[in-house]
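>>> 3D model of this:
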Amino acid sequence: MTGAFSLRRTRAIAHKEVRHILRDPLTLGFALGLPLVLVAFFGYAIDLDVRNIPVAHVNRDLTRASRQFIEVFDSSQFFRMSPAPPGDAVGHLDAERARAVLIIEPGFGRRLARGLPVTAQVLLDGVDSSTAGSVLGYLGGIERAANERLTGRPLPRPPLALETRYVFNPELSSRWFVVPGLLVVVMSIMSIMLTAMTVAKEWETGSMELLLSTPVHPGEIVLGKLAPYLGLSFFAIGLVYGIARIMGVPFAGSHLLLELGCLLFLIPCLMQGLLISIATRQQQLAMQISLMAGMLPAFMLSGFIFPIESMPLFFRIVTRLLSARWFMVVARGVFLKDASLMELAGPLLALIAIGAFFTFQAVRKFKADVEP
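Residues are numbered from 1 along each chain as shown. Model (predicted):
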């Protein structure tokens, strides 16, 4: 038998859950340590900007012009040059001592002094296609810089030239791109896992049955159980935001809009955790399922690292059903683009729809268990 909904009883359940969290060092450590570890790991340890690429050079010309050409490579922030034996150029690639080899043939300096066209060969390690693509992208700038240094004059301007300017992220810093996305990862993993494990623990220890034996409304239990984890998640969001600003990641948008997006994203995550706990009623199983439901979509299918546009059609359709994909658009849009409410209306409405679906499913399943 259940009573009418009471806000006073809801506060009492929430207060009990807060005391339980404070007495559980594992829960607190997970909630406070996860944001710090992920931001430090992805913000500092992982850099998607490819720099200091090891490049070996074989200089068969041995003139001042050839040495200056090598210095142009070495003075850039992208390449780290080292000499290679003349007969072992490919061996450097095979032994992974270099990702590319620059080969300068005899006559380089003499032809350059006569004003004749000169060429140099670059061998690339095609096994690592990502690094090879970066090297190819950098070579255009190196070629222009080398022409200006070796000839003493800038290249003639062609009749048609494309001028490129990067907006929102002028330096193409991967940190600016990655750290806002960590909000999605941290919130997804923490809210789903903490809710699933702690509520499953209540079923495991029998305290949930004791609570259900009292005349309480199911909504009181749901709201009272989830409210502390909602507050804990917002505290973790504050940690990620603070560390991001310390790291120099700009914030161009509205804090209120970001908080709205966080709330709309947390609702389906918390309800997913509740649904997992009701279905499993075991901590170990709940942890395994919540890791799959929280971590995999946030890392693999949200656009956090891999662009959604590059995925096959089937997975592009699947991502439309995931709240992590839509909140990724909100987080990066607010952080870097100063996106407005109208510009983010689509992702926010998608979050509302997904949240409504999981709320309905979780409450329906919970009520079925309370009132068999």
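
>>> so, low pLDDT: which residues of this structure?
1-5, 43-49, 95, 127-130, 153-166, 172, 207-218, 367-372 (pLDDT under 70).

>>> residue boundaries of the strands in it?
Counting by DSSP state E, the chain has strands at residues 53-59, 79-83, 100-104, 121-124.

>>> sheet partners, orientation included, of the first one?
Note on strand 53-59: by DSSP bridges, its sheet partners are strand 79-83 (parallel), strand 100-104 (parallel).

>>> Throw the ones you listed into JSON lines and include mean neighbour count, thanks.
All C-beta spots, glycine's among them, are computed from the backbone N, C-alpha and C. As requested, the strands paired with strand 53-59 are exported to JSON lines (neighbours: other CB atoms under 10 Å):
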{"stretch": "strand 79-83", "mean neighbour count": "17"}
{"stretch": "strand 100-104", "mean neighbour count": "22"}
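
>>> of the ones you listed, which is nearest Ala200?
strand 79-83 (51.0 Å; CB to CB).

>>> hey, C-alpha coordinates of that closest one in PDB?
Extracted C-alpha coordinates of strand 79-83, given in PDB (Å, rounded to 0.1, in the frame of the first residue of the first chain):
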ATOM      1  CA  PHE A  79      59.300  17.600 -36.700                       C
ATOM      2  CA  ARG A  80      62.300  16.300 -34.800                       C
ATOM      3  CA  MET A  81      65.100  15.700 -37.300                       C
ATOM      4  CA  SER A  82      68.000  13.200 -37.000                       C
ATOM      5  CA  PRO A  83      70.500  12.000 -39.500                       C
END
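
>>> list the contacts for Gly261?
Gly261 is in contact with 327, 330-331, 334, 344, 347-348, 351, counting by CB atoms under 8 Å, 6 or more residues apart in numbering.

>>> rebuild the strands of the chain as TSV, extending it with distance to Gly133.
TSV is the format used below for the strands of the chain (distance: least, CB to CB, whole Å):
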stretch	distance to Gly133
strand 53-59	11
strand 79-83	15
strand 100-104	12
strand 121-124	9
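
>>> closest to Asn169 out of these?
strand 53-59 (21.5 Å).

>>> packing partners of the longest helix seen in the chain?
Ordering each helix of the chain by length in residues (DSSP state H) puts helix 174-205 first. If you count contacts as 3 or more CB pairs under 8 Å, 6 or more residues apart in numbering; DSSP states H and E, helix 174-205 packs onto helix 7-23, helix 25-40, helix 207-212, helix 218-246, helix 255-280, helix 283-300, helix 323-332.

>>> comparing the ones you listed, which comes out most buried?
helix 323-332 (a mean of 26; mean count of other CB atoms under 10 Å).

>>> so which elements touch it?
Checking 3+ CB pairs under 8 Å, 6+ apart, helix 323-332 ends up next to helix 174-205, helix 255-280, helix 283-300, helix 345-370.

>>> swap in 7 Å and give it another go.
If you count contacts as 3 or more CB pairs under 7 Å, 6 or more residues apart in numbering; DSSP states H and E, helix 323-332 packs onto helix 174-205, helix 255-280, helix 345-370.
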